[in-house]
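**Student:** model this:
(chains A and B)
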Amino acid sequence: MSELLDLLVIGAGPHALSLLTRLITDDPDLLTERERVHIMHKAGSRARSHDEVKKELKKRYRAAEALPRTLVVDTHGRWMAQWASDFEALDIEHTRSNADLHPCPFDFQSLRVWAATQRREDEMYPMRHIDRDAARKRGYGGPFLLPGTHLFLDFCAELVERYELAPLVTQGTVAEVRLIEPSAEQPERLFGVHLADGRLLRARRVVCAMGPGPAFQGMRKTLPWWADELGAELAATSDVHARRRPAALPSSSPQAPVPPSPPPLGSAADQLGAAAVDAQPSAVAATSASLSDAASDGLPPAPTSAHVPKTASDGLPPAPRPQQAMNLAATEAFAAAVAGGATKDAARESARAAGRAAYRSAQAAWKHQTRAAADATVATEGGMGEARGDDAEDGGGGGDTIAQQQAKLAELRRKVAAGEKLSGKMKRVLKKLEEAEVRWKAYEAASGAAGGDAEGGEEGDEGEAGGDDATGSAASAATPDHAADVHLSASDSVCMPPDACAREVPPSARLQHSSNLTDWLRASDTHTLLRGRRVLVVGGGQTSAHLALLALRRGATVTLTRPPPRISECLRRLPMASECLQCAFAVGR
Amino acid sequence: MCIRCWQVTLASRRRVQCKPYDIDLELVGDRRAEVLQKFGRLEAPRERLKFIAALRGGGSMSPDMRGYLNEFEAEAAGAIQQAMKPDYVTFDLQQKERADDVRFTHLQGVEVSEAHWVPAPALGPAGSDEGADTSVGEVQVRFSRPDLAEEGESAAFDFVWLATGGNLDLNLVPLLASFQAQRPISTVGGLPVLQPDLSWDAGVSLYVMGAFAQLQLGADALNLAGARSGSVLVARALLGAAAAAEATAEATAEATV
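**Tutor:** Residues are numbered from 1 along each chain as shown, chains lettered A, B, ... in the order given. Next comes the predicted model:
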């Protein structure tokens, strides 16, 4: 049994640092917030002099002597490690909090004074975009300085050193804290702290000073509803990809096409992270997989895909978007309940229930519709089909095959040549297709160069040839070089265009919540991966700004958009609706 | 390749909240004492939760971060103007072709209505090599304005990053969840109702600092400000009431000199 500790602190971040230094220092700042306000904003009159602070900043303490039988347990085993790592991963230049906020236990001015003695005042970022007069009117008179992250971390490191706090930290993750009630031989109430590595520590007092942690433990991620769907698609794509690999070997026996399985019922939230492996393949992914399986297994060639998704999706009326349906239903139910004399709470409850139900059914309908094309083709046409039919109207959308796109490009060019006036949309499509053509040309050029190297005898190639006839028959005249692409794609030795290089990033990593993203950013060579990439950042907070900025600095193109509005905003017109139905929905789910 | 296919910028229904701190200025400035006093007077944890929510007001961006982004947005050469404009700005980008080198677009007042993984256009049928085709592709996203029934434009992305935040929940932290099972205390909205000195319960010397102490510390519990206010409370408790009182007396005496 280990020594009985007086104090065990979980986490070695700024909260623990603030606490332990306060326990050690001679003259700690133990002001209540109220007292502090009075001092801080009368700086110069009541605050300590800078000389006094300077003197304190030279003092050294011995934590081991001041705090015997004290231990800090931290996952990284070092002070401020998570902060340092997050600052780096997210490219954070300065903190959002001002220069008066730091863990030093002596004085709120410590950081500024320290920066001055180190001649590092230039690492304080002035708030450039704040209206100082307006801020003063609201009672905030400064400081308008934000410490740079290096300055801040060095200040903390200096604190750790001056108090000799480093040896107090042990690396470990606390799995559980158990109460040990007093007994005959043990008159005190104790805590048994179980670490993940099996160690058991006993302490009289425990302080939980850990932050949200590496994976935002303690935080239930807010995920837009479409993210569930997309997450499942991506996970399933990766899954199918992984399972199909052996099947592509020349020696493998023919395999049956992957049957379309029902869509995953659970939310994909848990799969958003790196571990997105064991998801059920959704019908969508199964479709794209069966497309290739069918080809390599030499199944009867399916009709040209050009018209298939169109008919499938055109045949259905557009399903209302779930969010819309929910808003509408909730609004109606609320109004009806109020009209029926129900109380506010009852009305709200019924609105919430109606909204939830409408959301579910609309989402189901929507799913059904977007899958209809794919499912139909899988079921009736032997596994031939586009991965996604709903982009057909976009012309150059990703759902079309190259053959279709080239045919469309030729048609548009004919129109232009004939002097026809194109609509704005058509112009855009044309532009997109022209861009795509540059890429096709690049493939072709590369394929010409690599043609000699490309292996012709692989079994896969036969499948390709058969499939090529199937998909390309309508447009093969327009794309005489199509066959060359086939060889190219079979060879990994040629330099792939950007899209193909993207295979370094599996689909499952394409959609990530910010809480998982920091790990990914740290582990990846983002300078290479993000250059020239298109990134959509969803959010409106500081994290979204950091992510957008990071991607921009790495050469990506960034779109920043807000998440869907909370339903309370949509129900603003209703005077009594104050709670967020969407949240209620999320909780109830 | 940028999102040149994206030709329409939607009207700004609501602008992004810009404020220096993630809490309102009142809680940082001279009125902090006042605000905290108001907070302290609220008895019901649920009321406190609402108070915190109002001070934080959902996600917000600091004006400086917004400023850095604006520098990229400025590349739009006047095409994007909605960023800092008041609410309900409408403008028409149909006529304004976006410059090719614009790399930052800020869409406000739109929501994503669909998002799908679209494997890269087949270079010939898939199955041509070891199946790389399904894993190479892009995410097609369709945007729409929530107040309009019509479907919006779509654009393709290589990455979709959700900076949509989350809600704190005690039950997601195994350590706290298991402790709650042994020694249940009341919780509101996933947050524990701690003792005023941040201990778990009377006579249980397990203290909680940070975000999970916000029902006691207020809206900035998880910030550096909360590190200070929280550590003061816990330090006072640990040093013992007598020592703390002494220190306070000293501090206040010093403060009033």
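
**Student:** Which secondary structure elements does the host helix or strand of A:Gln406 sit against?
**Tutor:** Applying DSSP states H and E as the criterion places A:Gln406 in helix A:402-417. Counting by 3 or more CB pairs under 8 Å, 6 or more residues apart in numbering or on different chains; DSSP states H and E, the packing neighbours recorded for helix A:402-417 are helix A:424-450, helix A:482-490. Backbone N, C-alpha and C define where each C-beta goes, glycine included.

**Student:** Which of the three states applies to B:Trp200?
**Tutor:** Under DSSP: H, G, I helix; E, B strand; the rest coil, B:Trp200 falls in the strand class.

**Student:** Contacts only, for it.
**Tutor:** By CB atoms under 8 Å, 6 or more residues apart in numbering or on different chains, B:Trp200 lies in contact with B:Phe179, B:Arg183, B:Ile185, B:Pro192, B:Leu194, B:Leu206, B:Tyr207, B:Val208.

**Student:** ditto for A:Leu409
**Tutor:** A:Leu409 makes contacts with A:Leu430, A:Leu433, A:Glu434, A:Ala436, A:Glu437, as judged by CB under 8 Å, 6+ apart.

**Student:** quick check, nearest of those residues to chain B?
**Tutor:** Proximity of the contacts of A:Leu409 to chain B (CB to the nearest CB) peaks at A:Ala436, which lies at 7.7 Å.

**Student:** thinking again about what came up before, least reliable of the helices and strands packed on helix A:402-417 by average pLDDT, please.
**Tutor:** Across the helices and strands packed on helix A:402-417, helix A:482-490 has the smallest mean pLDDT, namely a mean of 29.

**Student:** Would you state the strands of the chain in chain order?
**Tutor:** Defaulting to chain A. Counting by DSSP state E, chain A has strands at residues A:4-10, A:70-74, A:124-126, A:145-147, A:169-171, A:174-180, A:190-195, A:200-208, A:219-221, A:511-513, A:534-538, A:557-561.

**Student:** nope, chain B please
**Tutor:** With DSSP E as the definition, chain B shows strands at residue ranges B:104-107, B:111-119, B:137-144, B:154-157, B:159-162, B:166-168, B:187-188, B:191-192, B:199-201, B:204-208.

**Student:** Pick out the shakiest of those strands, pLDDT-wise.
**Tutor:** When the strands of chain B are compared on average pLDDT, strand B:104-107 comes out lowest at a mean of 74.

**Student:** Which parts of the chain belong to which domain?
**Tutor:** Just going to use chain A. Chain A breaks down into these domains under automatic domain parsing: A:4-208, A:390-493, A:503-568.

**Student:** my question was about chain B
**Tutor:** With automatic domain parsing serving as the domain definition, the record reports that chain B contains domains spanning B:25-157, B:170-256.

**Student:** Of those, which shows the lowest average pLDDT?
**Tutor:** For those, the stretch scoring lowest in mean pLDDT is domain B:25-157; its value is a mean of 65.

**Student:** mind checking the end-to-end distance for that domain?
**Tutor:** End-to-end span of domain B:25-157 (CA to CA, to the nearest Å): 37 Å.

**Student:** Check stretch B:118-137 too.
**Tutor:** End-to-end distance for stretch B:118-137: 6 Å, by CA to CA.

**Student:** next one: stretch A:333-353
**Tutor:** Counting by CA to CA: the opening and closing residues of stretch A:333-353 are 9 Å apart.

**Student:** So what's the residue count around A:Ala66?
**Tutor:** Applying other CB atoms under 10 Å in any protein chain shown, we find 15 residues neighbouring A:Ala66.

**Student:** Could you do the one 3 residues further on as well?
**Tutor:** When counting by other CB under 10 Å, one arrives at 12 neighbours for A:Arg69.

**Student:** Nearest residue to the residue in the stretch 151-257 of chain B that chain A sits nearest to in space, please, no chain neighbours.
**Tutor:** Chain A sits closest to B:Ala163 of the stretch 151-257 of chain B, with a gap of 3.2 Å, by CB to the nearest CB. Counting by CB to CB, 6 or more residues apart in numbering or on different chains, B:Ala163 lies nearest to A:Gly539, which is 3.2 Å off, once chain neighbours are set aside.

**Student:** ok, that neighbour to A:Ala410 distance?
**Tutor:** Distance of A:Gly539 to A:Ala410, computed by CB to CB, to the nearest Å: 42 Å.

**Student:** Repeat that for A:Ser49.
**Tutor:** For A:Ser49, the distance to A:Ala410 equals 81 Å [CB to CB].
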